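Novice: Okay, sequence plus prediction incoming.
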Amino acid sequence: MTAVTEILSLAQMAACDQAAIAAGTPGIELMNRAGQAVAKAVMGRWPLGQVLVICGPGNNGGDGFVAAQGLAQAGWPVRLALTCALEALKGDAAIAASRWGGAVEPLAGLILDGVDLVIDAAFGAGLSKPLEPGLVQVFKAITAAGLPIVAVDVPSGLSGNTGKTVGDFAPISAVTVTFHRKKPAHVLSSGRQYCGEVVLADIGLLAGLAQVSENTPALWQAQMPWPGPLTHKHSRGRMMVVSGQAWNTGAARLAARAGLRIGAGLVTVLSPPDALAVNAAHLEAVMLAGFDSDADLEAAALDADVVVIGPAAGIDSATHSNVMALARTGAVLVVDADALSVFRHDPDELFSLLDRDDVLTPHPGEFERVFPGLLAGSVNRIAAAQAAARKAGAVVLLKGSDTVIAAPSGQCAVNTNGSPWLATAGSGDVLAGLIAGLVAQGMPSFEAACAGVWIHAAAADRFGPGLIAEDLPGLVPAVLRGLF
């Protein structure tokens, strides 16, 4: 099994650098390792050709000087352009520049004739102001010429922490070589679109205690609830889903079928009286039970291990009362869609009902309703989800192409296998069911949410164009087989 891929903020990465230096590794040695990793990435991916290295004034530029030297020593023709005066370089970057035996070209008037590949070592992840217009024009000319770009740490113009451009421009790279651990810009979709293939290079830093990881099977596969030889349906858990009214029943059935497909032993749709007939007409292995009131719902759910409420439930007093009733049962709650929005005027009331094992699954609009201003006021989606989980006292799953899953403890995962084919009605209902189905089998809620998100996307990718939500549950077994 591959290792968990941690994600570090810039401050955490700087602390790792300083710890290595304090332990006796000179900064210039770390720079040498980083620059050589860039040269290795180039030589392993492209045939011999002329490389243009664009270096900036800081340590990112120093990495570029080392990469240029490594490529030149390996027989590659290398040109190097500097965004500032050579005399302006300081510290380790100045040492790296002094070891470069070739010419240094000014950025102004740069000619691209004969160049096959560009290494972007202009500015790193800590950039705080927009790129200078002259550098922007150079990168635009490189793009227009169709030249591949290899970025050092992050593409210039991109903030490593926010994953957004500083200003309105960053070049799109074919490959980004980063060091020790990925940064938010490499995994959040706003930044990932600029990075291309992300190569993670080991430069000899010590592992930290990061709370944020990339959502891969390495994070949760050991806790997947596979059945054993003595397993029976009752031991695989009882999952329930609350249906909407007669004209809004499909979403609950999607969630229920997804939970059954991922392994929950007994799945029941809890239905209001007017929806019993329509649900009965569409259910087979999924069971059906009726309820007339929130008290009836509470009684019906007393044996449940987990209950999904929200898909097409209706934003009304009945849904409000039903959430409160289910909170009294002791079952884990997966609170989705309408069951979130119904608390938009008093989110604290919702939070008071929740336990640490409950899971909230908002898309950005629903997130804003229950955590107003938190997304816009946070440095990135990771920080927003972490703050929301602490505030709610429950697992929060902030949906999107880079879904973020956060636990109240601060543990967090960013999903990077998101599929564009999931942009279809009902896919979120299936996701809620997948998570609940794993929880029903005893998987911890945070890991179940992470696994559900990854499996959901992997299933969608297996189908591709034309996917609709009804297809998703049937695609899950093949994904599970691969994991097993």
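Specialist: Everything's here; your move. Predicted model only: the values in this text are computed from it and were never measured.

Novice: where are the low-confidence patches of the stretch 51-200 of the chain?
Specialist: Judged against pLDDT under 70, the stretch 51-200 of the chain has no low-scoring part.

Novice: Just the helices from it, written as ranges.
Specialist: Secondary structure of the stretch 51-200 of the chain (DSSP state H, counting those that start in this stretch): helices at 59-73, 91-98, 133-144, 184-187, 189-195.

Novice: C412 is nearest to which of these?
Specialist: Distance to C412, taken as C-beta to C-beta, is lowest for helix 184-187 among those, at 10.7 Å. Quick note: C-beta positions are derived from backbone N, CA and C, even for glycine.

Novice: how about the closest one: buried residues?
Specialist: P184, A185, H186, V187 (16 or more other C-beta atoms under 10 Å).

Novice: count of residues packed around G410?
Specialist: By other C-beta atoms under 10 Å, 12 other residues sit near G410.

Novice: coming back round to it: would you list the helices of the stretch 51-200 of the chain in CSV and tack on distance to P227?
Specialist: Putting these into CSV (distance: least, C-beta to C-beta, whole Å) gives the following:
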stretch, distance to P227
helix 59-73, 50
helix 91-98, 56
helix 133-144, 52
helix 184-187, 33
helix 189-195, 35
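
Novice: tell me the most buried of those helices?
Specialist: helix 184-187 (a mean of 28; mean count of other C-beta atoms under 10 Å).

Novice: could I get that helix in PDB with only the CA atoms?
Specialist: Extracted in PDB, the C-alpha atoms of helix 184-187 (Å, rounded to 0.1, in the frame of the first residue of the first chain):
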ATOM      1  CA  PRO A 184      -2.700  23.400  -1.100                       C
ATOM      2  CA  ALA A 185      -2.100  24.800  -4.600                       C
ATOM      3  CA  HIS A 186      -1.300  21.300  -5.900                       C
ATOM      4  CA  VAL A 187      -4.600  19.700  -4.800                       C
END
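
Novice: Report all helices and strands that that helix contacts.
Specialist: helix 189-195 (3 or more C-beta pairs under 8 Å, 6 or more residues apart in numbering; DSSP states H and E).

Novice: Which residues does the helix it packs on contact?
Specialist: Here helix 189-195 makes contact (C-beta atoms under 8 Å, 6 or more residues apart in numbering) with 151, 154-155, 158-159, 162-165, 170-173, 176, 184-186, 198, 400-402, 416, 418.

Novice: ok, back up a step: can you put the buried residues of helix 184-187 in TSV and add distance to A436?
Specialist: Output for the buried residues of helix 184-187, formatted as TSV (distance: C-beta to C-beta, whole Å):
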residue	distance to A436
P184	29
A185	33
H186	31
V187	26
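
Novice: Which of these sits closest to G244?
Specialist: Each of the buried residues of helix 184-187 was checked against G244 using C-beta to C-beta; the closest is V187, at 35.0 Å.

Novice: Relative to F367, how far out is the nearest residue to that closest one once chain neighbours are set aside?
Specialist: Counting by C-beta to C-beta, 6 or more residues apart in numbering, V187 lies nearest to V414, which is 4.5 Å off, once chain neighbours are set aside. Here V414 is placed at a distance of 15 Å from F367 (C-beta to C-beta, to the nearest Å).

Novice: When the two are compared, which one has more neighbours?
Specialist: Each of V414 and F367 has its neighbours counted (other C-beta under 10 Å); V414 has more, 31 against 24.

Novice: isn't there a strand covering the residue nearest to V187?
Specialist: Yes: if the criterion is DSSP: H, G, I helix; E, B strand; the rest coil, then V414 is within a strand.
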